[in-house]
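Peer 1: quick check, what structure comes out for this input:
(chains A and B)
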Protein chains: 2
Amino acid sequence: MDIVKTYIEKNKNRFIGELFEMLRVPSVSALKESEPKMEQMARLVCQHLLKAGADMAEVMTTSGWPVVFGEKIINRNLPTIMVYGHYDVQPPDPLDLWKTPPFEPEIKDDKIYARGADDDKGQLFMQIKAFEYMVAENKLPCNVKFLIEGEEEIGSPALKEFCKENKSILSTDVILVSDTNIHSLKKPVITTGLRGIAYFEISVTGPDRDLHSGLYGGAVANPVNVLSGVIAGMKDPEGKIKIPGFYDDVLEVDLNERKLLNEINLNEKEFAASINVEELSGEKGYTTVERIGIRPTLDINGIWGGYTGEGAKTILPSIASVKVSTRLVPNQRPEKVKEQLIRYLKEATPKSVRIELKTIQDGNAYVCPWDSKEVQSAAKALEKTLGVKPIPNRGGGSIPVITVLEEVLSAKSVLLGFGLESDAIHSPNENYPLKNLYKGIETLPWFYHFYCK
Amino acid sequence: MDIVKTYIEKNKNRFIGELFEMLRVPSVSALKESEPKMEQMARLVCQHLLKAGADMAEVMTTSGWPVVFGEKIINRNLPTIMVYGHYDVQPPDPLDLWKTPPFEPEIKDDKIYARGADDDKGQLFMQIKAFEYMVAENKLPCNVKFLIEGEEEIGSPALKEFCKENKSILSTDVILVSDTNIHSLKKPVITTGLRGIAYFEISVTGPDRDLHSGLYGGAVANPVNVLSGVIAGMKDPEGKIKIPGFYDDVLEVDLNERKLLNEINLNEKEFAASINVEELSGEKGYTTVERIGIRPTLDINGIWGGYTGEGAKTILPSIASVKVSTRLVPNQRPEKVKEQLIRYLKEATPKSVRIELKTIQDGNAYVCPWDSKEVQSAAKALEKTLGVKPIPNRGGGSIPVITVLEEVLSAKSVLLGFGLESDAIHSPNENYPLKNLYKGIETLPWFYHFYCK
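Peer 2: Coordinates of the predicted model:
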């Protein structure tokens, strides 16, 4: 099957042109004003699917941003693989830290720089091109469907309803996803588990307007001070989350799998140096790999309140707000975490302030067993093209939709991603190495091959 | 001395016209683009002093906005009273909350509405008109000087240097200031102490860029979580400030003066209702009047970090910042508080983050004893015109310049102000009752009288 390498070599320049076209559309799902761009992007994905060989592809409306669905049915008796991906991207802020504009893709040092270069336009593009190759060279061993959404970065709020309503057209045997990291092409991993997420916005309101801190300071509860206390009380100095009941449902991972996970031999010094911190920090009793993969976490994603301009303004702010998210592990439920958080907030705040809590995003954690047919097909594909056996990995991030798909469509997802930690997804200067892009296109047909054998 | 009442009655209309002329100039010291307005305003004050009877008045340059100096010397052997005031005002934002434009003064319900109507153009105007009256009616018992600056609202950064350089022309026996509140004309207070201030900006930096909270969360210290812990650790649940050594230098106020201070009988329910909070909150063991007047405080004035836009962005922020200020009481020194804060920050933060601290503003607290000749002259003047004995009051706000004047000129300041809490200084719809304006003009000559007797 070296034909695929030849195919890639022959079409490289066209591929780059096509991917750049997708990267130029600022399809930021978090912003309401993205509407025309989201629609443009969905139509573009549709065209790409049709050009690659789909029998049909259409932009379907949802209660949120549109979904693109496409398929090529060879024979109803053959298995079906459904590719899931997303065409939306994270906001590019802070803009001033980008070395090149986020929506003007450029190649530098054999990497593509752009918002979405990896997450997920670049990785989705690999799927489309692998499909194109199999169609063109008559190598497709099964039916293929594509489910490409535009709300992954905001928690896929409309997808569940969409999948329920369109259950019959979405029926599939397995779901194939490229939206995770491979660690390195020399030491590949397959993500067998993903953390869930529960993301909230909390506001603390004190007086009904900003007050003069001299005339009122000392006599009125300050919302920022109160909020800081609330946040500080959420974790102890050893990194344990102190919200009562938080760990109750955590499914502990057995020592054997913990051993396998740690075979990745993460170099902590290099890891710390890569983000320019003097030392790493996290929950006591767990390695960094475990802290990221199999343990739940709590992080503040943003905070704001009061005067943030130049110089001094001596006010006691009326309101302070925070975005806080927890990453959940298998068996934990976002609804339960929300209840625990509300109870904690009630206990941790004085009567002199008012509290508001809003859920922004939620999703359950996910596991696909290492010894399943789905994961083993992916492992064989990687061994074929990289010449080395991959190891399992628990991803720290969340793709809440994966659990939704399993629930509604009763199919497991295989997370066969080719990203690197250094791709800076969600950050300025997101990038994706050309090598990983091409290796992805080369490897994916092997997954089809082993899965359908 | 009912002559002063007659004088005011006769000249009322002219007074209002003159004051309105001053209120129309947007002399906002915080904005660089105010330059032409600041100079216009300084020249206008000069003209007012000359018209009122000063021998000389001039606009003097400083390293910042200009100072206006004027004087009338009757006889070098007589005492000298120097009036201090300021012609600059706070920014008028938020503009949309003003019912009439901030720099188009209007009288409604016997109050003047405009930025600066009280703080300090209105109160400074009383001083100029009281002086005019004494000159016109030949009642001036001493020499008078005027020191009117344009940087009070930004912490008087240039005044210390200016006073040192012009020490001889500024020599005086006492400094008379109208820039405080009287509480009410029926229950007058004299401010005998003002809190000092130490205002800082603190930044906590973790990784060198925003990170994906899923891929890194749990393994890297989060700057907002760290900062929240730092802030939470600054105060205990009973409102005590926990920065080691913070209270060491606090000059405790004796029980007698505390009793006198509390005679103001603050209605806590009304106070809480006026700012729409369910209950007040502050340091245990002290009344609200004491918490605002004689106790040091610590408040967060603003906080920011990470993603603060719409929806969810799952990042672990690179940096979090806060503006924090302490109000200081007599004997506490901003430099020492800064040292204590730096030591606290070092102990309270892990090696995994970097801390920066910057001083934004500082100034010492001030006291003028209740039984001093200066304050007692003011008390007698108020009793004369209001028919009721005033009580002492400790102001919560800061006029850092007062301590500078004492240090450089070795003279005490008397804070004989006529503002009301409802004047909304520093807020939208600042106003000043005509009654207070006229009562001020009537009372001030009595201060001259009792002080020189």
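
Peer 1: in chain A, what spans have low per-residue confidence?
Peer 2: Within chain A, the ranges that satisfy pLDDT under 70 run A:1.

Peer 1: okay, helices next: where are they in it?
Peer 2: Here chain A has its helices, by DSSP state H, at A:3-23, A:35-52, A:121-136, A:159-165, A:213-216, A:223-232, A:255-262, A:268-274, A:288-293, A:334-348, A:373-386, A:401-409, A:434-452.

Peer 1: format the ones you listed as a markdown table; extra columns: mean neighbour count and distance to chain B.
Peer 2: No exception for glycine: its C-beta is placed from N, CA and C like everyone else's. Formatted as a markdown table, the helices of chain A follow (neighbours: other CB atoms under 10 Å in any protein chain shown; distance: least, CB to the nearest CB, whole Å):
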| stretch | mean neighbour count | distance to chain B |
| --- | --- | --- |
| helix A:3-23 | 16 | 19 |
| helix A:35-52 | 19 | 14 |
| helix A:121-136 | 24 | 15 |
| helix A:159-165 | 18 | 15 |
| helix A:213-216 | 25 | 3 |
| helix A:223-232 | 26 | 4 |
| helix A:255-262 | 14 | 14 |
| helix A:268-274 | 13 | 8 |
| helix A:288-293 | 24 | 4 |
| helix A:334-348 | 16 | 10 |
| helix A:373-386 | 20 | 20 |
| helix A:401-409 | 20 | 13 |
| helix A:434-452 | 21 | 16 |
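
Peer 1: how close does A:E71 get to B:R295?
Peer 2: 72 Å (CB to CB, to the nearest Å).

Peer 1: ok, now A:P428?
Peer 2: Applying CB to CB, the value for A:P428 to B:R295 is 45 Å.

Peer 1: ok, A:V414 next?
Peer 2: 64 Å.

Peer 1: residues touching the closest residue to A:I315 other than its chain neighbours, list them.
Peer 2: Nearest residue to A:I315 in three dimensions, chain neighbours excluded: A:D210, at 4.3 Å (CB to CB, 6 or more residues apart in numbering or on different chains). By CB atoms under 8 Å, 6 or more residues apart in numbering or on different chains, A:D210 lies in contact with A:G306, A:Y307, A:I315, A:L316, A:P317, A:S318.

Peer 1: give the bridge partners for A:I190, please.
Peer 2: A:P392 (DSSP bridges).

Peer 1: my read: it touches A:E374, true?
Peer 2: No. A:I190 lies out of contact with A:E374 (CB atoms under 8 Å); the separation is 10.0 Å.

Peer 1: find residues that contact each of those two.
Peer 2: Shared contacts of A:I190 and A:E374, counting by CB under 8 Å, 6+ apart, come down to A:V414.

Peer 1: contacting residues around the residue lying closest to A:G64 once chain neighbours are set aside?
Peer 2: Nearest non-adjacent residue to A:G64, counting by CB to CB, 6+ apart: A:A158, 3.7 Å away. Neighbouring residues of A:A158 by CB under 8 Å, 6+ apart: A:T62, A:S63, A:G64, A:W65, A:V67, A:E151.

Peer 1: for PyMOL, what selects the buried ones among the residues you listed?
Peer 2: Restricted to buried positions by 16 or more other CB atoms under 10 Å in any protein chain shown, the PyMOL selection for the contacts of A:A158 reads:
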select buried, chain A and resi 62+64+65+67+151
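
Peer 1: now intersect the contacts of A:A158 with the strands, please.
Peer 2: Among these, the ones falling in strands (DSSP state E) are A:V67.

Peer 1: next, format the contacts of A:A158 as TSV and append distance to A:I81.
Peer 2: Formatted as TSV, the contacts of A:A158 follow (distance: CB to CB, whole Å):
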residue	distance to A:I81
A:T62	23
A:S63	27
A:G64	26
A:W65	24
A:V67	18
A:E151	23
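
Peer 1: hmm, stretch A:90-102 in reach of chain B?
Peer 2: Yes. Interface with chain B: stretch A:90-102 contributes A:Q90, A:P91, A:D93, A:P94, A:L97 (CB under 8 Å from any CB of the partner chain).

Peer 1: what's near enough to touch the closest residue to A:V414 other than its chain neighbours?
Peer 2: Spatial nearest neighbour of A:V414, excluding adjacent residues (CB to CB, 6+ apart): A:E374 at 4.6 Å. When contacts are counted by CB under 8 Å, 6+ apart, A:E374 touches A:V174, A:C368, A:K412, A:S413, A:V414, A:Y451.

Peer 1: if you set the cut-off to 6 Å instead, what comes out?
Peer 2: Going by CB atoms under 6 Å, 6 or more residues apart in numbering or on different chains, A:E374 touches A:V174, A:K412, A:V414.

Peer 1: can I assume A:F418 is in contact with A:K435?
Peer 2: No. Look at A:F418 against A:K435 with CB atoms under 6 Å: they stay out of range, at 9.2 Å.
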